[in-house]
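Chemist: Structure for the following, please:
(chains A and B)
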Number of protein chains: 2
Amino acid sequence: MKFLFASRVSNMPAFSVRSEDRRQRRESWISLAEELPAEELFPLSQLGEAAGTVFSAGPRVLQYGEVAGSLALREWLHTRWKQDQRLSVDPANILLTSGSQQTIDLLVRIYVNSGETVLVESPAPPGCLQVLHLQGARVIHVACDEQGMIPESLDEMIRLHRPKLLFVSPNFGNPTGRVWSLERRQAVLELCMQHELLIAEDDAYGDLHFGSEPVSSFRQRYPTLFKLDRDQGGNHVLYIGSFSKTIVPALRIGWAAGDDRLIQVMSAAKQTADWQSSTMNQAILLRLLQSQRFDWGSHITMLNREYDIRLKLMLELLKRPNWRGTEVEIPIGGMFLWAQLPDQLDGEALLSRALEKGVSFLPGARCYASGEGSSAIRLNFTHPGRDELLLGMNLISEVIAEMRQENS
Amino acid sequence: MKFLFASRVSNMPAFSVRSEDRRQRRESWISLAEELPAEELFPLSQLGEAAGTVFSAGPRVLQYGEVAGSLALREWLHTRWKQDQRLSVDPANILLTSGSQQTIDLLVRIYVNSGETVLVESPAPPGCLQVLHLQGARVIHVACDEQGMIPESLDEMIRLHRPKLLFVSPNFGNPTGRVWSLERRQAVLELCMQHELLIAEDDAYGDLHFGSEPVSSFRQRYPTLFKLDRDQGGNHVLYIGSFSKTIVPALRIGWAAGDDRLIQVMSAAKQTADWQSSTMNQAILLRLLQSQRFDWGSHITMLNREYDIRLKLMLELLKRPNWRGTEVEIPIGGMFLWAQLPDQLDGEALLSRALEKGVSFLPGARCYASGEGSSAIRLNFTHPGRDELLLGMNLISEVIAEMRQENS
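Modeler: As a prediction, this is how the structure comes out:
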């Protein structure tokens, strides 16, 4: 029969529909393309122990649960925020989801009509753009630099496009890994308060801060927009958090925090979308977090130390001759390096040829709604081990050298 | 700030937005309202063992995985279909989801534009109606009787409304527990083939068949529309399956099976919605299904024997004087009894008063898009234990008696 897909399907980028077969072939590749944490750093044995305890506590945890998710886990989040950031968020203002991708999807479904404008950073996370495209939103990029979003550009875009939502990641955002300055945070929040523009703040990478300073002290110097807003009694920010990058992705646990009414309507959408996330997985995570054998702070410190080593290795490799002319901003956290290719080489063309050599990365154009970023690429440094990183970077640089040769 | 929700939020029924606080108070109630399986029948120790094995096999299973879900689990589904129903479905035509609610949501998102018509049974599952409302679909009920959907009514509604999709559950569907006759299955499929109308067949309750006949022999007498269609080489049916009712809900594992193109676009929507379901949970389930200590057939037989006992008890209780005049169809499987209250009592009014006594059920009006079913109720018999069932049914019947007294 002839299938008559909904018109929104035509808004989905072709690569997202094709991506399936890519992923299936991942085994044979070195992937610097994806947002994968390092498996060898997972708290595997502690999670296994936590699971054992959960299963021995009886069948209740395998039943359907609350839409909002485990109250005890939401209380843990409440406590951690209080301790680390002196921020008080009632567990009723938290909705557990199946990860930040779902949180973004739920928010956009309940807040953005087809044809309405959403402002995003330049560049923006591909997963977020995918949601916005499927929902038929008009996506407008706001100019950004190394200090974060540029307030003058934001002000102009707000006046010009009367947007419904602003999507940002001020801490180590995908794909640039940038950290916004405090001034920019304050200025952006101020503008959004003035124009009653809802902010979605994705902080999924927020704890991945490298360097000697403890995360909590970094957090004090660079408070989230969510904290800045709440400290003034505001409700302009919907906070998006995740355990996928700090614990493990396969638990599929993230959360949204924000205004009562927003959380309530998102919860109804969550119920419609998949009833609720797994009570079992939430119980296993909670058990891990409460376990004597696991310390959140030390775990995060260990992760960041390891990721910093991988980042430094990648930066070293980028100094090799084949990469000459490539420009990178050096991040102090997160999972990605955002690089501008030399000679305006095309990222998609580079990818096609790199795939033939068995290595992948993300072409920068996928971080823009249209037209821009064609000579940028995003490189993930958290997942590949040392040998993979050496080989993968080498293979990409070979293709770059070949392409430059052909162009000259 | 003033929140400007998307217009589709106004389509969400108020009770779905409110349901959260209901659920939180579930502890203090006897609930005959929900779709809960019996916890005491969960394969708890075998699942615990499966989890232990999975965790000891290394960290890979805690990483992100394929959008389509575990290939091995999709192969298990392929094999079971082949053995039980002589039906051959390529694993590539299966998408693992986080349960049938998500499958329905994904399908409707990619297939139905706002304002387009979707046909459903009379009555229809509340979760499906929730999805259709959120997506802004026009919902039209097709007349049904104890034999299933009435072909003449379907024919009329197709000609009148030019629908995009037909949603049905021919085996023990929610809320009636009816089994469609073979003739009705064939006639409905024939009509949909003729009009190129896509069918979504929810078979989440399909294995819950009571009585002495083995499920596989029942399946042969009452093939799914999916099988009937595929046996003729058709691709008119998107099959919706789930492990929530047969194993445990908290794994959050269901699946869709159907035409290549449909599964491909649904996979892209799945990726947009939540990236993928949990690889960990899929690995635990697969391990259970492959374990020597677990036999799928015996487990289903045990479940059905227990649920049949609970159904019979509920039917006995309905013979008590306070229930006089209540009309029920006696199902031979599923999780629900659909009852018509005497004296056209109002189900919502009955619920308000029953809640005060500490017992809940689902008012029939929630199984219709509008206006109908006000004097019907849906009673779940699988979750409450014997004492709860006795007390719960007694409390409801007391309210019925009081209301009839007041009306007379």
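Chemist: Quick one: residues in contact with stretch A:4-15.
Modeler: Contacts with stretch A:4-15, where a contact means CB atoms under 8 Å, 6 or more residues apart in numbering or on different chains, come from A:114, A:129-130, A:133-136, A:366, B:109-113, B:116, B:164, B:265, B:268-269, B:272. No exception for glycine: its C-beta is placed from N, CA and C like everyone else's.
Chemist: How far off centre is that stretch?
Modeler: 24 Å (CA atoms, centre = their mean, to the nearest Å).
Chemist: For it, give the mean pLDDT please.
Modeler: Mean per-residue pLDDT for stretch A:4-15: 82.
Chemist: Output that stretch as CSV, restricted to C-alpha atoms.
Modeler: Once side chains and other backbone atoms are set aside, the C-alpha atoms of stretch A:4-15 remain, and they are given as CSV (Å, rounded to 0.1, in the frame of the first residue of the first chain):
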residue,chain,number,x,y,z
LEU,A,4,0.8,8.7,3.6
PHE,A,5,3.2,10.1,6.2
ALA,A,6,2.4,13.1,8.2
SER,A,7,3.8,16.3,6.7
ARG,A,8,6.2,16.8,9.6
VAL,A,9,8.1,13.7,8.4
SER,A,10,9.3,15.8,5.5
ASN,A,11,11.0,18.1,8.0
MET,A,12,13.2,15.3,9.4
PRO,A,13,16.7,15.5,8.0
ALA,A,14,17.5,12.7,5.7
PHE,A,15,20.6,11.6,7.7
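Chemist: Going by neighbour count, which residues of it are buried?
Modeler: Taking 16 or more other CB atoms under 10 Å in any protein chain shown as the basis for neighbour counts, the residues of stretch A:4-15 that come out buried are A:4-6, A:8-9, A:12-13.
Chemist: Report the contact partners of the closest residue to chain B within the stretch 51-200 of chain A.
Modeler: Here the residue of the stretch 51-200 of chain A nearest chain B is residue A:55; by CB to the nearest CB that distance is 3.3 Å. Applying CB under 8 Å, 6+ apart, one finds that residue A:55 lies in contact with A:61, B:44-45, B:47-48, B:51.
Chemist: do residue A:103 as well
Modeler: By CB under 8 Å, 6+ apart, the contact set of residue A:103 is A:95, A:97, A:240, A:242, A:254-256.
Chemist: now the strand or helix carrying it against helix B:100-111, angle please.
Modeler: If you go by DSSP states H and E, residue A:103 is part of helix A:100-111. Orientation check (axes from the mean of the first three to the mean of the last three CA atoms, to 10 degrees): helix A:100-111 against helix B:100-111 gives 60 degrees.
Chemist: Need the mean per-residue confidence for helix A:100-111.
Modeler: For helix A:100-111, mean pLDDT rounds to 98.
Chemist: Quick one: list the elements packing against the helix or strand following it.
Modeler: Once helix A:100-111 ends, the next helix or strand along the chain (criterion: DSSP H and E) is strand A:117-121. With contacts taken as 3 or more CB pairs under 8 Å, 6 or more residues apart in numbering or on different chains; DSSP states H and E, strand A:117-121 sits against helix A:126-134, strand A:138-142, helix A:151-161, strand A:165-168.
Chemist: hey, which of these is tucked in deepest?
Modeler: Across the helices and strands packed on strand A:117-121, the average number of neighbours (mean count of other CB atoms under 10 Å in any protein chain shown) peaks for strand A:165-168, which reaches a mean of 26.
Chemist: Relative to that strand, what are the paired strands and their orientations?
Modeler: strand A:117-121 (parallel), strand A:198-202 (parallel) (DSSP bridges).
Chemist: right, and the ones you listed - which one's nearest residue A:356?
Modeler: Using CB to CB as the measure, strand A:117-121 is the one of the strands paired with strand A:165-168 that comes nearest residue A:356, at 32.1 Å.
Chemist: And the contacts of that closest one?
Modeler: Here strand A:117-121 makes contact (CB under 8 Å, 6+ apart) with A:108, A:112, A:128-129, A:132, A:137-142, A:144, A:149, A:154, A:157-158, A:161-169, A:173, A:176, A:197, A:369.
Chemist: picking that back up, what two of the contacts of residue A:55 are the furthest from one another?
Modeler: With CB to CB as the measure, no two of those lie farther apart than A:61 and B:45, at 13.6 Å.
Chemist: Pick out whichever of these two has more residues nearby.
Modeler: Using other CB atoms under 10 Å in any protein chain shown as the criterion, residue A:61 and residue B:45 rank with residue A:61 on top: 23 against 13.
Chemist: where does residue A:397 land in three-state SS?
Modeler: Per DSSP: H, G, I helix; E, B strand; the rest coil, the secondary structure class of residue A:397 is helix.
Chemist: Burial check on the closest residue to it other than its chain neighbours, number of neighbours?
Modeler: Nearest-residue entry for residue A:397: residue A:322, 3.5 Å, with adjacent residues in sequence omitted and distances by CB to CB, 6 or more residues apart in numbering or on different chains. Residue A:322 sits with 19 neighbouring residues when counted by other CB under 10 Å.
Chemist: Quick check on residue A:322: phi, psi?
Modeler: Note on residue A:322: backbone dihedrals following degrees, to the nearest 10 are phi -60, psi -20.
Chemist: and it, what does it touch?
Modeler: Taking CB under 8 Å, 6+ apart, we find residue A:322 in contact with A:397-398, A:400-401.
Chemist: Tell me how many other residues crowd whatever residue of the stretch 301-408 of chain A ends up closest to chain B.
Modeler: Among the residues of the stretch 301-408 of chain A, residue A:383 lies closest to chain B, at 8.7 Å counting by CB to the nearest CB. By the measure other CB under 10 Å, the count of residues near residue A:383 is 23.
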